[in-house]
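Visitor: no sequence on this one, just coordinates:
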Ligand SMILES: Nc1nc2[nH]cc(C(=O)O)c2c(=O)[nH]1
Ligand code: SF4
Ligand SMILES: [Mg+2]
């Protein structure tokens, strides 16, 4: 079984859209959003995947979500069929932290391979969890987003040295750092130096849930990228559809 997020109660968050972030930005892709996360970012835009009633870890909105209406369990084969029924030939698995459900994801991805051979599969991950050995060979791209101090997570939970070293050595992994203020860039620099992350696989992305905030931060981040050689990614889906589920 896989535990998914919902768009509305009873409806799993499986939808066709455009990849809004990172190296595949603009590509038509089907998205599957899994529930549950091992971190708690104070600016998380999908707190409905983890901040259930009784979870008092700090979050900017302080919202507490009812578990029953925001989580849904489906068989792996059912998820694969729903993905295969949609048009895109690419899949983005996100969350929450999808690698927490690695074994079930491996079963789903191999069922999908039977229904729609050759589909390109990306995983959005916070970089703290190793991919399950059965899942790893089925994935084409890992979009790894290690969380900086401004996320509010303790560094010993968010930045796991052996994991970061493994991602840095993995050619299928691109790093995507969420940045809100100029000081965050110093932290990215330190991580790049320490783990020898090639600039070609290093993206910075503005934190923001509205076009206004993204534009404001993009302006100074883009200038910085042009000087440093890092890559820049916007959040295309926010400009197109705003901060809404299922887009
Ligand atoms: N269109 C679209 N692109 C995305 N790329 C990463 C997303 C995420 O929530 O992880 C996301 C998302 O939620 N929507
Ligand atoms: S790691 Fe991602 S899903 Fe988890 S709390 Fe942070 S932003 Fe949200
Ligand atoms: Mg998102």
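Guide: Ah, there it is. Please read these numbers as outputs of a predicted model, since none were measured by experiment. Residues are numbered from 1 along each chain as shown. Ligands and ions are numbered 1, 2, ... in the order given.

Visitor: can you name the residues of this protein that neighbour ligand 2?
Guide: With C-beta under 6 Å from any ligand atom as the criterion, the chain meets ligand 2 at residues 37, 39-41, 44, 46, 49-50, 95-97, 126, 147. All C-beta spots, glycine's among them, are computed from the backbone N, C-alpha and C.

Visitor: in stretch 201-213, what's buried?
Guide: By neighbour count, with 16 or more other C-beta atoms under 10 Å as the criterion, the buried positions of stretch 201-213 are 201-208, 211.

Visitor: distance check, the closest residue to residue 128 other than its chain neighbours against ligand 1.
Guide: Distances taken as C-beta to C-beta, 6 or more residues apart in numbering put residue 160 closest to residue 128, at 5.3 Å, once the chain neighbours are dropped. In this view, residue 160 and ligand 1 are 20 Å apart by C-beta to the nearest ligand atom, to the nearest Å.

Visitor: hmm, residue 142 is touching residue 176, no?
Guide: No: with contacts defined as C-beta atoms under 8 Å, residue 142 does not count as touching residue 176, sitting 10.1 Å away.

Visitor: give the buried residues for the longest helix that the chain contains.
Guide: As assigned by DSSP state H, the longest helix anywhere in the chain is helix 211-228. Within helix 211-228, the residues scored as buried using 16+ other C-beta under 10 Å are 211, 214, 217-218, 221, 224-225.

Visitor: ok, residues contacting that helix?
Guide: By C-beta atoms under 8 Å, 6 or more residues apart in numbering, the surrounding residues in contact with helix 211-228 are 179-180, 182, 185, 199, 204, 206-208, 230-232, 234-235, 238-239.

Visitor: all helices of this protein, in order?
Guide: With DSSP H as the criterion, the chain has helices spanning 67-70, 76-84, 102-115, 155-158, 161-168, 182-195, 211-228, 236-241.

Visitor: about what we covered before: farthest pair in the buried residues of helix 211-228?
Guide: Of all pairs drawn from the buried residues of helix 211-228, the one with the longest distance (C-beta to C-beta) is 211 and 224, at 20.2 Å.

Visitor: list the contacts for the spatially most central residue of the chain?
Guide: A centroid search over the chain (C-alpha atoms, centre = their mean) returns residue 124, at 3.2 Å, as the residue closest to the centre. Residues near residue 124 by C-beta under 8 Å, 6+ apart: 21, 92-95, 98, 143, 145.

Visitor: distance of it relative to ligand 1?
Guide: Using C-beta to the nearest ligand atom, one gets 4 Å for the distance from residue 124 to ligand 1.

Visitor: residue 32 versus that residue, what's the distance?
Guide: Per C-beta to C-beta, to the nearest Å, residue 124 is found 10 Å from residue 32.

Visitor: so for the two, which residues contact both of them?
Guide: Jointly contacting residue 124 and residue 32 under the rule C-beta under 8 Å, 6+ apart are 92-94.

Visitor: from these, which is closest to residue 59?
Guide: When the shared contacts of residue 124 and residue 32 are ranked by distance to residue 59 (C-beta to C-beta), residue 94 comes first, at 18.4 Å.

Visitor: residues of the protein that sit close to ligand 1?
Guide: Where the chain comes near ligand 1, counting by C-beta under 6 Å from any ligand atom, the residues are 17-21, 31, 94, 124, 237, 247.

Visitor: for these, which one is nearest residue 195?
Guide: When the residues of the chain next to ligand 1 are ranked by distance to residue 195 (C-beta to C-beta), residue 124 comes first, at 19.4 Å.

Visitor: ok, and the closest non-adjacent residue to residue 20?
Guide: What sits nearest to residue 20 in space, not counting adjacent residues and going by C-beta to C-beta, 6+ apart, is residue 237, at 3.2 Å.
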